[in-house]
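Trainee: output the structure for:
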Amino acid sequence: MKFDAALAPMPLTDVPAVAEAAEALGFDALWTSETQHNPFLPCALIAEHSQKMEIGTAIAVSFARSPADLAYTAWDLAAQSGGRFILGLGTQVKGHIEKRFGLPWPESPVGKLREQIQVIRAFWDCWQNGTKLSYNGEYYKIRLMTPFFNPGPLPSLEAGRGAGGDSIIPIYIAGVNTGLAKLAGETCQGFHVHPLNSPKYLSEVILPAIEQGAHRAGRKREDVAVSVTAFAATTPEEENFARAQISFYASTPTYRPVFALHGWEAVAEQLSIHAAKSEWGEMFGLITDDILETFCVVSDEAGLPAALKGRYQGLADRLTLYTPFTPGERDGFWKRLVEAF
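Mentor: Next comes the predicted model:
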């Protein structure tokens, strides 16, 4: 199991120091996210200030961008990093796409994301292998590529890579329910599991869906890296933070099936009611110790590495703590975790 780090939202001027510290400590990858900042800009700085560590987005909002934009951005980052970049995509939810980005929500989110991935790879195949750019789908019709707009092949990648449905640059997608997990199994190199997860949810919902999608495409479950972000708490303050985040995520109707799997659908419905009224304090109190320990690894610092391994061994191929990595804060804590993995 690889052990990765999450980059906290921060000004770009602070990114180089974090990248250098993360690589020196031995993290396998450093992931950026799309919350308060653009997720791609820090990746350029991470690539510049590291040599071995993988770099990726977890996630960039795919429905806020055209596949051409995503293809060009990933191409440049793969070139700068010497092939260490991973394109991580997520659909976001309908409310954010319509009300925050001002764009239409597709009739089939899975269908649109599948087409986005196919178009991105069509661009890459054209640039790397000289194939004609031609894609005709429900959401995208792409057929124009002249030499002036073609960045050309990436020398760091072997010629011909990407043929037969493979990907020149690894693509991970994120999801909560089975539709996107199946899509990852069909066509992606990895799947970002939402932080609202449990071993039961992974073993009974996510992994079987990935395997089903993989089987449909003649692939194996092992072809898809399952990347899990985990809540972990070693102090009462961290437990309170985890309760707040769990209550926030569970209030989203799209994520309700995760709670329903454990018999807490009524709790999730109540959380949604409170969220609609901005009653955040009321939500926190609904996360009992049982719910907390289902979705969060609660341990002392010394026992946390073993607790994380005990929960996720055999379920995850990559593990990232929800807590972002910040150099100079709890360096001994992070060092013990990296060494344990």
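
Trainee: so the closest residue to residue 137 other than its chain neighbours is in which element?
Mentor: Using C-beta to C-beta, 6 or more residues apart in numbering and skipping residues adjacent in sequence, the residue nearest residue 137 is residue 115, 4.5 Å away. To be clear about C-beta, it is placed using only N, CA and C from the backbone, and glycine gets the same treatment. Using DSSP states H and E, the element containing residue 115 is helix 109-129.

Trainee: how far is whatever helix or strand comes next after that helix from where the chain is centred?
Mentor: Using DSSP H and E, the helix or strand that follows helix 109-129 towards the C-terminus is strand 135-136. Here strand 135-136 is found 27 Å from its chain centre; the criterion is C-alpha atoms, centre = their mean, to the nearest Å.

Trainee: which residues does the following helix or strand past strand 135-136 contact?
Mentor: Toward the C-terminus, strand 135-136 is succeeded by strand 141-142 as the next helix or strand (DSSP H and E). With contacts defined as C-beta atoms under 8 Å, 6 or more residues apart in numbering, strand 141-142 is touched by 67, 68, 119, 122, 123, 133, 134, 135.

Trainee: for the record, mean pLDDT for strand 141-142?
Mentor: In this model, strand 141-142 carries a mean pLDDT of 97.

Trainee: show me what secondary structure element comes after that strand.
Mentor: Immediately after strand 141-142, counting by DSSP H and E, sits strand 171-175.

Trainee: what angle separates that following strand from helix 109-129?
Mentor: 170 degrees (axes from the mean of the first three to the mean of the last three C-alpha atoms, to 10 degrees).

Trainee: show me what strand 171-175 is packed against.
Mentor: strand 85-90, helix 109-129, helix 178-187, strand 190-193 (3 or more C-beta pairs under 8 Å, 6 or more residues apart in numbering; DSSP states H and E).

Trainee: buried residues in the longest one, which are they?
Mentor: It refers to helix 109-129. Using 16 or more other C-beta atoms under 10 Å as the test for burial, helix 109-129 gives 109-110, 112-128.

Trainee: just checking, what packs against it?
Mentor: Where contact means 3+ C-beta pairs under 8 Å, 6+ apart, helix 109-129 is packed against helix 67-81, strand 85-90, strand 135-136, strand 141-142, strand 171-175, helix 178-187.

Trainee: distance to residue 221 and mean neighbour count for the ones you listed - can I get that in a markdown table?
Mentor: Compiled in a markdown table, the helices and strands packed on helix 109-129 are given as follows (distance: least, C-beta to C-beta, whole Å; neighbours: other C-beta atoms under 10 Å):
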| stretch | distance to residue 221 | mean neighbour count |
| --- | --- | --- |
| helix 67-81 | 25 | 21 |
| strand 85-90 | 19 | 26 |
| strand 135-136 | 28 | 12 |
| strand 141-142 | 31 | 15 |
| strand 171-175 | 15 | 25 |
| helix 178-187 | 7 | 23 |
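
Trainee: can you put those in CSV and add distance to residue 216?
Mentor: Formatted as CSV, those follow (distance: least, C-beta to C-beta, whole Å):
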stretch, distance to residue 216
helix 67-81, 23
strand 85-90, 20
strand 135-136, 21
strand 141-142, 25
strand 171-175, 16
helix 178-187, 6
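
Trainee: tell me which of these sits nearest to residue 14.
Mentor: helix 67-81 (19.1 Å; C-beta to C-beta).
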